[in-house]
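**Q** predicted model follows, preceded by the sequence.
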Amino acid sequence: MDIKTLNQLAYELRWEVLESVSKTGGHLSSSLGVIELTIALHNVFSAPEDDIIWDVSHQCYPHKILTGRRDRFSTLRQLNGISGFCKRKESIYDSFGAGHSSTSISAAQGMSVGKSLLNKRRNNCIAVIGDGAITGGMAYEAMNSAGYLRSRMIVVLNDNGQVSLPTGTQSAGGVVPASQLSAYTSNLLVSKPFQNFRDFAKEINRLLPGDLQDINKRIDEYARGVVSGGTLFEELGFFYVGPIDGHDLENMVPILEKLRDSPSNKPVLLHIKTEKGKGYPPAEQASDKMHGVGKFELGTGVQFKGKASAPSFTSIFANSLIDAATEDRAVVGITAAMPGGTGMDIFGRRFPKRTFDVGIAEQHAVTFGAGMACEGLKPFVCIYSTFMQRGYDQVVHDVAIQNLPVRMILDRAGLVGNDGPTHHGCYDLAYMGAIPNLTIMAPSDEIELRNMVATCAAFDDGPTVLRYPRGSGYGPDKLQNLFGYTLENDQVPTKGQVIEIGKGRIMRRPSASRGREKNDRIAILTIGTRLHDALVAADDIESTDPSLGVTVADARFMKPLDVDLVRELVDQHGVLITVEEGSIGGFGDHVLHFLALDGALDNGDLKFRPMVIPDQYIEAGTQFEQYDIAGLNAGHIKGTALRLTSRIKVPVLQEE
């Protein structure tokens, strides 16, 4: 296509993304910022033979529209729809799946080496990575290796100044992006004019074989040194090109063509400057650039949000942490480029000097917190459950072995909804539960969340883990009518109370007339917010069969486990069901392990069932749809109880 046609396509594609996302919600501004880049890449390179790898891939919407998924775009991030991220099984054009950051350069390098060793005719591998994702340590590891191995690849550094979500929140580093590398690349942008194709053509000789390159070496080195003084990327073995305007197709296309056609195996870093939310004024002007949005009114950008009956768990955590920090100057907060998602933006507005955004660096965040704990501070390391997977060795080696009182706060625990498998927090109970010295707790509601924040702040005898899901609290009506709380003036307490470590609670007992036989008495033991569905299920079970009696208990803690509570439930009930928002290997397995060692299973008079997220990846959908697929909603708990008490028959699979 000629440049005029490409520019027209850019206009149409930008509005296609806008109109589609306004109806579905999703990652808007990242996609708007790479419209021209996406068109240029697909115009110059021959995907899928040429691999285009999108780091994180939340900016992949224009890529998906151009690669045969336009007719399905109305299903974006919905059950049985297309993913909001690149997904290899969804399309051959999605060279590498993503959702977490800083992986693209490693993947591109591996593909490049693979093409080379297999003598494939074409070897073009392009990694598109943002100035936020490139702060992740893995990106540096990959660049170091690529330069050393001279892997043929192009790294497109998409520099839009948005390092954290949102960028510019108050913290100990001020309101600047949480990255010295961002400051470095920003300096490159202001110290050098945008490079045009003519300037680039003068330098392309540096990708030629050495004997030809030597002809112009002294002149080129002098001129280049005067202009920029060299770059970090060149020191890592890359040929640096840029900065160039990432919205200028007339300039970008011929530069990419030259890089494509170069015979050199030297890796290239193409530095482009883009604007997040480009072309949509509400996004350009918003503090978060409308990074992640729900459905919105296209003319104004105003999102359609229903009125919440209670605050979000994230905001409840943040305000509870403010309460703790008000009383104790040692309390500090740490986030890894997610101040908005973890509530650290709220905390930072009150205590900016005690708020630390370390960029996309979960490993560093954990050990940074460990160092603070050594000096007597009380660090709260606030990271999504799924992202804490990246800091696992640091939890073991730097925190748990040394028994340092680091408070690890895992937001987005359990199934998270529309972001799908890459963002589910399914595994933390299993992977944290295997580590000695950890105290692990999960609140069932907003009152318990406040209590557990206060408990973490007061506990200095070792590391703690507090996990809670995406979503909102239940509000005073449900807390009183379903959970059984007594609230003064129907008001939810705003201040947490320290609770006893390792002590659960009974939430509901049956009347004396129910469950006369032990086998008709059911105990449901939950951890986390599945308590709500367990209480609903208990009422349904008893309304279904008046002879059944149901007790519901909230474990609160997985480690240490309240073994006295477990023994009480086993002694008084013939059926014990555990329910959790976690994978195999978590809370239910810890309970089962204790029961086996305690001899509770020896007589064969206890029916035990752990209800967990099944051993599969659950795709995008609403949280309710996902828990329905997982078999963890109230109806599934009821069904499990009725089967174990022989009130309904379990279908027997017949051999064909």
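**A** Here it is on my side, so go on. Residues are numbered from 1 along each chain as shown.

**Q** spell out for me which residue occupies the centre of this protein.
**A** In the chain, the centroid-proximal residue (CA atoms, centre = their mean) is residue 423; its distance is 4.3 Å.

**Q** quick one: that one and residue 85, what's the gap?
**A** The gap separating residue 423 from residue 85 is 9 Å, by CB to CB, to the nearest Å. In short, each C-beta sits where N, CA and C put it, glycine included.

**Q** who touches both of these two?
**A** By CB atoms under 8 Å, 6 or more residues apart in numbering, residue 423 and residue 85 have these common neighbours: residue 99.

**Q** let me see the ranges of the strands in the stretch 451-600 of the chain.
**A** Under the criterion DSSP state E, counting those that start in this stretch, strands of the stretch 451-600 of the chain are mapped to 464-469, 505-508, 521-527, 549-554, 557-559, 575-580.

**Q** give me the sheet partners of the stretch of helix or strand residue 240 belongs to and which way each runs.
**A** Taking DSSP states H and E as the criterion, residue 240 maps to strand 239-245. Strand 239-245 pairs in its sheet with strand 268-273 (parallel), by DSSP bridges.

**Q** identify the residues contacting the partner strand?
**A** Around strand 268-273, the neighbours that count as contacts under CB under 8 Å, 6+ apart are 37, 143, 153-160, 185, 188-189, 194, 207, 233, 238-246, 252, 255-256, 259, 262.

**Q** whichever of these end up buried, select them in PyMOL.
**A** Per 16 or more other CB atoms under 10 Å, the buried members of those correspond to this PyMOL selection:
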select buried, resi 37+143+153+154+155+156+157+158+159+160+185+188+207+233+238+239+240+241+242+243+244+245+246+252+255+256+259+262
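
**Q** hang on, the earlier thing: with just CA atoms, put the strand holding residue 240 into CSV.
**A** The C-alpha trace of strand 239-245 is given here as CSV (Å, rounded to 0.1, in the frame of the first residue of the first chain):
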residue,chain,number,x,y,z
PHE,A,239,22.4,-1.1,16.7
TYR,A,240,20.3,1.8,18.0
VAL,A,241,18.0,3.7,15.6
GLY,A,242,16.0,6.7,16.7
PRO,A,243,14.2,8.3,18.1
ILE,A,244,11.5,8.4,15.4
ASP,A,245,7.9,9.5,15.5
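
**Q** got the contact list for residue 7?
**A** If you count contacts by CB under 8 Å, 6+ apart, residue 7 has them with residue 249.

**Q** helix/strand/coil for it?
**A** helix (DSSP: H, G, I helix; E, B strand; the rest coil).

**Q** pretty sure residue 148 contacts residue 238?
**A** No: using CB atoms under 8 Å as the test, residue 148 is too far from residue 238 to be in contact (11.2 Å).

**Q** before we move on, back to that, in strands only, show me the contacts of strand 268-273.
**A** Using DSSP state E, the members of the contacts of strand 268-273 that fall in strands are 154-159, 239-245.

**Q** which of these sit farthest apart?
**A** Largest separation among the ones in strands among the contacts of strand 268-273 by CB to CB: 239 and 245, giving 19.4 Å.

**Q** now do the helices in the stretch 151-300 of the chain.
**A** Per DSSP state H, counting those that start in this stretch, the stretch 151-300 of the chain carries helices over the ranges 180-191, 197-203, 210-213, 217-228, 232-235, 249-261, 281-285.

**Q** lowest average confidence across those helices, which one?
**A** Of all the helices of the stretch 151-300 of the chain, the minimum mean pLDDT falls on helix 217-228 (a mean of 41).

**Q** shaky segments in this structure?
**A** Within the chain, the ranges that satisfy pLDDT under 70 run 163-169, 175-230, 650-656.

**Q** can we see that at 50?
**A** Scanning the chain for pLDDT under 50 picks out the ranges 211-230.

**Q** and for the closest residue to residue 547 other than its chain neighbours, the neighbour number?
**A** Excluding its sequence neighbours, the residue lying closest to residue 547 (CB to CB, 6 or more residues apart in numbering) is residue 520, at 5.5 Å. Using other CB atoms under 10 Å, residue 520 has 20 neighbouring residues.

**Q** so how far is residue 497 from residue 520?
**A** 36 Å.

**Q** now do residue 39
**A** Where residue 497 is concerned, residue 39 sits at a distance of 57 Å (CB to CB).

**Q** so what's the nearest residue to residue 510 once chain neighbours are set aside bridging to?
**A** Here the nearest residue to residue 510 in space, its sequence neighbours aside, is residue 549; by CB to CB, 6+ apart that works out to 3.1 Å. Assessed by DSSP bridges, residue 549 has beta-bridge partners residue 521.

**Q** tell me how far residue 549 lies from residue 637.
**A** 15 Å.

**Q** ok, now residue 533?
**A** Distance, residue 533 to residue 637, by CB to CB: 6 Å.

**Q** identify the contacts common to those two.
**A** Shared contacts of residue 533 and residue 637, counting by CB under 8 Å, 6+ apart, come down to residue 579.

**Q** between those two, who's got more neighbours?
**A** residue 637 (29 against 21).

**Q** hang on, the more buried one is in a helix, isn't it?
**A** Yes: counting by three-state DSSP, one finds residue 637 located in a helix.

**Q** ok, the spatially closest residue to it that is not a sequence neighbour - contacts?
**A** Distances taken as CB to CB, 6+ apart place residue 537 nearest to residue 637, at 3.8 Å, with adjacent residues excluded. Residues counted as contacts of residue 537 (CB under 8 Å, 6+ apart) are 524, 550, 634, 635, 637, 638, 641.

**Q** can you tell me the closest non-neighbouring residue to the fourth one?
**A** Spatially, and ignoring its direct neighbours in sequence, residue 635 is nearest to residue 537 (7.4 Å; CB to CB, 6+ apart).
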